[in-house]
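K.L.:
following is a predicted model, sequence given first.
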Amino acid sequence: MTAETLQEIADRIERAVIDTGAMEVESAQIGEMVMDELRKVDQVAYVRFASVYRQFEDIGQFKEIVDGLGKRKQSRKPKV
């Protein structure tokens, strides 16, 4: 992932926070925004971030995230 991509992600998250109009935003909301953005651009970075952010305690939680990525990818494939 390039520095430019990271900056674009940060800019989108910042814009989304500003657009809420709220004076304060929960860090959990920002964490979810980061996960959503990473899922779109770099699945490995997403899994790494999710494992720390969600404080995985066992391999089952890790597997759920990875399996979810596979399901999402399959649902986007065009049907032949």
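P.N.:
Good, I have the coordinates.

K.L.:
in three-state terms, label Asp36 for me.
P.N.:
helix (DSSP: H, G, I helix; E, B strand; the rest coil).

K.L.:
spit out the contact partners of Ala3.
P.N.:
Listed by CB atoms under 8 Å, 6 or more residues apart in numbering, Ala3 has no contact partners. No exception for glycine: its C-beta is placed from N, CA and C like everyone else's.

K.L.:
mind checking how far the residue sitting nearest the centre point of the chain is from Ala28?
P.N.:
Geometric centre of the chain, nearest residue: Met35, 1.7 Å, by CA atoms, centre = their mean. Distance, Met35 to Ala28, by CB to CB, to the nearest Å: 11 Å.

K.L.:
then Ala50?
P.N.:
Distance from Ala50 to Ala28, by CB to CB: 13 Å.

K.L.:
can you name every helix or strand that the one helix or strand Lys63 maps to contacts?
P.N.:
Taking DSSP states H and E as the criterion, Lys63 maps to helix 59-75. Judged by 3 or more CB pairs under 8 Å, 6 or more residues apart in numbering; DSSP states H and E, helix 59-75 is in contact with helix 43-53.
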